[in-house]
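Enquirer: Fold the following and give me the result.
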Amino acid sequence: MKASAWMMGAAVLLGAMCAPALASAASADEADIRAVQDRITAAINAKDPAAIVANYSPDVFVFDLPPPRQYVGEKAWKEDWQGVFAAPAGAGKLDVQDLVIAVSGDVAYSHAIDHYVSDGPNGTKVELNLRATDVYRKIGGKWLIVQEHLSVPIDMATGRPDMSSKP
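Expert: You can find the predicted model right below:
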């Protein structure tokens, strides 16, 4: 009985001692993932496809808004961004809002609203609120996005996308 009480006390003490270290590691990982998102935002705003793709794994899988249905691999994802920047309207400015991150070991995910503003056809302003979900893996000590899904809500009555959706 005394041995089990001692073991229980030791387990509680060990847990209390380890909790700050675990919390610190999780917040360091979250800070690293926020830095990934900051680098992507800066690269999009600078119109730099290579800097964007540097934050994704070579075998990244992306569901983006424009066709095709999916982009597989860093080469395809980089070519998508090159096409965006080559379009007459070019790329606009991105602001990541409401970023929420969850980390578990060497895997993490996030969701956010990507507020994007650009010049559209004929000089009109285009404003989008995209739903963004990312899956990350820590590879070689570096957090990289391995899967990304961008979407907008659809008005089910009309079949039209709601590009400026609000909560």
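Enquirer: Contacts only, for D29.
Expert: Remark: with contacts taken as C-beta atoms under 8 Å, 6 or more residues apart in numbering, D29 is in contact with 103, 108, 138, 143. All C-beta spots, glycine's among them, are computed from the backbone N, C-alpha and C.
Enquirer: who does the nearest residue to S151 once chain neighbours are set aside bridge with?
Expert: Leaving aside its chain neighbours, S151 sits nearest to R131 (5.0 Å; criterion: C-beta to C-beta, 6 or more residues apart in numbering). The partner list for R131 in beta bridges (DSSP bridges) reads I113, S151.
Enquirer: Determine the number of other residues adjacent to R131.
Expert: R131 has 14 neighbouring residues, counting by other C-beta atoms under 10 Å.
Enquirer: One more: the one 3 residues further on?
Expert: Other residues near D134 number 25, with proximity taken as other C-beta under 10 Å.
Enquirer: Under a three-state scheme, what state does it occupy?
Expert: strand (DSSP: H, G, I helix; E, B strand; the rest coil).
Enquirer: Which pLDDT value goes with the residue nearest to S151?
Expert: Note on R131: pLDDT of 96.
Enquirer: Tell me if I'm right that it and E148 touch.
Expert: No: using C-beta atoms under 8 Å, R131 is not in contact with E148, being 11.2 Å away.
Enquirer: any chance you could map the helices in the chain?
Expert: All helices of the chain, identified by DSSP state H, fall at 2-45, 49-53, 74-86.
Enquirer: re the thing from before, which of the contacts of D29 lies at the shortest distance from G83?
Expert: Taking C-beta to C-beta as the measure, G83 lies nearest W143 of these, at 26.4 Å.
Enquirer: Against D106, how distant is that closest one?
Expert: W143 sits 9 Å away from D106, taking C-beta to C-beta, to the nearest Å as the criterion.
Enquirer: what is in contact with these two at once?
Expert: Common neighbours of W143 and D106 (C-beta under 8 Å, 6+ apart) are R137.
Enquirer: from memory V107 sits against V135, does it?
Expert: Yes: at 7.3 Å, V107 counts as touching V135 under the criterion of C-beta under 8 Å.
Enquirer: So if I had to pick from the two, which one is more boxed in?
Expert: Set V107 next to V135 and count neighbours by other C-beta under 10 Å: V135 wins out with 16 against 13.
Enquirer: beta partners for that one?
Expert: Y109, Q147.
Enquirer: Might you list the low-confidence residue ranges for the chain?
Expert: 1-26, 88-91 (pLDDT under 70).
Enquirer: what residue lies at the spatial centre of it?
Expert: D134 (3.9 Å; C-alpha atoms, centre = their mean).
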